[in-house]
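In: this is a predicted model, with the sequence first.
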2 protein chains.
Amino acid sequence: MVRKMKFSEFQKLIDDLYGERDRRRGLDRTALWMVEEVGELAEAVRKRDRELAEEEVADVIAWVVSVANILGIDVEKAVEKKYPGKCPRCNSIPCRCPE
Amino acid sequence: MVRKMKFSEFQKLIDDLYGERDRRRGLDRTALWMVEEVGELAEAVRKRDRELAEEEVADVIAWVVSVANILGIDVEKAVEKKYPGKCPRCNSIPCRCPE
């Protein structure tokens, strides 16, 4: 696969790979699986296991995309709508919001 | 921002917006914030609130990218390494793994 992967390409890949199974499994159980993968990323972070964290980052994004696929959400549009090149709250780069 | 956003562009945007603050906050608390956002997505899924889910999908991906930024993980490389156009376990499209 060529470098510079776009969100739209990845979302189509995940749909091609897992879309039918995701829809058969259903939204709730797919969301639960996503949460499970987030737990695995949290574990990798806690253990400071960078190599495992790299794999889990990919898995979490893949499962978020599976949830998006079931809901008919265009991930690229969602991301660009929420983060249009600036902070969605303070409108600054970098963000100047109080934490 | 032009359409067809690439992972690499989004990762740079999140670093420009939040990277300094993320590093100052630290890995553990940034990962906790990521988990908090996943909880918000889970709530949107449970309530079948598609509009909120769209926003939370963007937030979860942004926070996963913040964690990746602190760890020096290239999200695009991580995703392409784990999902090189086929299922990482059964090597099929679509996936034929037993669930």
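Out: The structure has been received and is ready for your questions.
In: okay, and the residue nearest to the spatial centre of chain A sits in which element?
Out: Note on chain A: the residue nearest the mean C-alpha position is residue A:61, at 2.9 Å, using C-alpha atoms, centre = their mean. Per DSSP states H and E: residue A:61 is located in helix A:50-71.
In: now that helix and helix B:50-71, what's the angle there?
Out: Computed by axes from the mean of the first three to the mean of the last three C-alpha atoms, to 10 degrees, the angle separating helix A:50-71 from helix B:50-71 equals 170 degrees.
In: packing partners of helix A:50-71?
Out: The helices and strands touching helix A:50-71, judged by 3 or more C-beta pairs under 8 Å, 6 or more residues apart in numbering or on different chains; DSSP states H and E, are helix A:7-14, helix A:20-25, helix A:27-46, helix A:75-82, helix B:27-46, helix B:50-71, helix B:75-82. C-betas here are computed from N, CA, C, even on glycine.
In: which of the ones you listed is buried the deepest?
Out: helix B:50-71 (a mean of 22; mean count of other C-beta atoms under 10 Å in any protein chain shown).
In: identify the residues contacting the residue nearest to the centre of chain A.
Out: A:10, B:61, B:64, B:75, B:79 (C-beta atoms under 8 Å, 6 or more residues apart in numbering or on different chains).
In: so residue A:58 sits right up against residue B:84, yeah?
Out: No. Using C-beta atoms under 8 Å, residue A:58 is not in contact with residue B:84, being 10.6 Å away.
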